[in-house]
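*Asks:* What would the 3D arrangement of this be:
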Amino acid sequence: MGKVIFFDVDGTLVSFGGQMPESAKEALRKARSNGHQLVICSGRSRGQIYPWLLEVGFDGIVAATGAYVEHGGEVVYRHFMSEDELRIVAELLEEAEACYSAQAGERMITSVRHRDRQIARFKELADDEMIDQIWKNVELTDHIWQYEDIEKLVYYESKISVPQIRKRLAGICDVTESSFETAQSDSGEITCSGINKAHGMQKYLVHTGKAKKDTVAFGDGPNDFDMLEYAQVGVAMGNAVEELRRRADFVTKHIDEDGVAYALKELGLI
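*Replies:* Residues are numbered from 1 along each chain as shown. Next up is the predicted model:
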């Protein structure tokens with residue numbers, strides 16, 4: 001029986017410079033031709049995923065760290081942050097003097113001052129294509145709590161550390177270190193409590209009728225912990241953060257050393 005294989009994007013399928021190894025593309029095509037379902041499982045919103053990556057061929061998408069789930073081009077699940085949750089988070093991030101934005105499907109929602117600060121931050125980390133893809137559909141507002149379709153928030157340059165923000169939002173939201181770069185205590189991702197990649201994976205499996213025992217997951221960053229623990233087989237990239245490598249069932253090679261292809265072969269999937 002075919003497996004369902006979930007893949008993180010940044011640092012797993014695609015380097016932080018926006019490049020996907022040709023070996024990974026070929027390995028994914030082979031895996032799919034062998035009857036396995038391929039699912040993107042990313043912290044990115046649906047609209048931030050590269051169109052050329054989707055052309056490789058995927059059966060589904062788990063986006064916004066589990067708040068959005070798609071199968072066969074059909075949206076099968078979405079979860080939105082409430083007005084009260086957004087007000088609480090925004091007030092705390094303003095107190096922290098952080099720059100932040102909200103993910104809402106195909107759109108990014110932020111303010112002028114936060115947009116400029118975040119683009120400046122991204123220019124230090126990513127190529128122009130990645131920046132254009134992430135920021136191509138931006139709406140500006142000073143009142144994000146007025147939106148009803150916000151799935152997740154991301155923030156940078158906070159004067160309050162991730163552990164402190166996590167403690168203050170306990171029971172309301174989940175907070176993880178940023179997975180777009182080496183984890184830093186001034187940057188993070190915020191979702192509703194209980195909304196994570198494992199949650200999105202579970203929703204995908206229920207919709208498709210597939211079993212948890214038939215799942216494999218690939219990841220590299222802090223927001224992949226629950227994803228690898230949920231899957232029957234959790235694969236950490238060789239470039240993954242140390243804690244994720246410790247939690248993984250299998251540690252493959254670095255993304256730039258054909259890590260995805262190597263693991264798929266070693267696991268007998270291609």
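
*Asks:* which other helices and strands contact the helix or strand of the chain with the lowest mean pLDDT?
*Replies:* None of the helices or strands of the chain scores lower by mean pLDDT, DSSP states H and E than helix 128-135, at a mean of 71. Using 3 or more C-beta pairs under 8 Å, 6 or more residues apart in numbering; DSSP states H and E as the contact test, the elements touching helix 128-135 are helix 112-123. Bear in mind the C-beta positions are built from the backbone N, C-alpha and C, glycine included.

*Asks:* can you map out the helices along the stretch 151-270 of the chain?
*Replies:* 162-168, 197-208, 225-230, 242-247, 259-266 (DSSP state H, counting those that start in this stretch).

*Asks:* Can I get those helices in a markdown table including mean neighbour count and mean pLDDT?
*Replies:* Output for those, formatted as a markdown table (neighbours: other C-beta atoms under 10 Å; pLDDT from 0 to 100):
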| stretch | mean neighbour count | mean pLDDT |
| --- | --- | --- |
| helix 162-168 | 16 | 95 |
| helix 197-208 | 22 | 98 |
| helix 225-230 | 22 | 97 |
| helix 242-247 | 15 | 94 |
| helix 259-266 | 21 | 98 |
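
*Asks:* I'd like to know which elements the helix or strand that the least confident helix or strand of the chain is followed by is packed against.
*Replies:* Moving toward the C-terminus from helix 128-135, the next helix or strand (DSSP states H and E) is strand 138-140. Counting contacts by 3+ C-beta pairs under 8 Å, 6+ apart, strand 138-140 packs against strand 107-110, helix 112-123.

*Asks:* from the ones you listed, which stretch is densest packed?
*Replies:* Ranked by mean neighbour count, these are led by strand 107-110 with a mean of 22 (mean count of other C-beta atoms under 10 Å).

*Asks:* Other residues contacting it?
*Replies:* For strand 107-110, contacts defined as C-beta atoms under 8 Å, 6 or more residues apart in numbering pick out 45, 47-48, 100-103, 118, 134-135, 137-141, 144, 147, 150.

*Asks:* Now it: average pLDDT?
*Replies:* What strand 107-110 shows for mean pLDDT is 90.

*Asks:* which element is the residue nearest the centre of the chain on?
*Replies:* Geometric centre of the chain, nearest residue: G43, 1.7 Å, by C-alpha atoms, centre = their mean. Mapping G43 onto the secondary structure by DSSP H and E places it in no helix or strand at all.

*Asks:* for it, what are its contacts?
*Replies:* 8-10, 64-65, 152, 154, 179-180, 189, 197, 221, 223.

*Asks:* mind running it again at 10 Å?
*Replies:* With contact set as C-beta atoms under 10 Å, 6 or more residues apart in numbering, G43 has these partners: 8-10, 62-66, 103, 152, 154, 176, 178-180, 189, 191, 196-197, 221-224.

*Asks:* can I get the helices and strands packed on strand 138-140 in JSON lines with distance to G72?
*Replies:* Output for the helices and strands packed on strand 138-140, formatted as JSON lines (distance: least, C-beta to C-beta, whole Å):
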{"stretch": "strand 107-110", "distance to G72": "23"}
{"stretch": "helix 112-123", "distance to G72": "32"}
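
*Asks:* right, and the ones you listed - which one's nearest H36?
*Replies:* For H36, the closest of those is strand 107-110, at 32.1 Å, according to C-beta to C-beta.

*Asks:* May I have the strands that pair with that closest one, each with its orientation?
*Replies:* strand 99-104 (antiparallel), strand 138-140 (parallel) (DSSP bridges).

*Asks:* Would you convert the ones you listed into JSON lines that also reports mean pLDDT, mean neighbour count and distance to V112?
*Replies:* As requested, the strands paired with strand 107-110 are exported to JSON lines (pLDDT from 0 to 100; neighbours: other C-beta atoms under 10 Å; distance: least, C-beta to C-beta, whole Å):
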{"stretch": "strand 99-104", "mean pLDDT": "92", "mean neighbour count": "26", "distance to V112": "11"}
{"stretch": "strand 138-140", "mean pLDDT": "87", "mean neighbour count": "13", "distance to V112": "6"}
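
*Asks:* Perfect, I'm done here.
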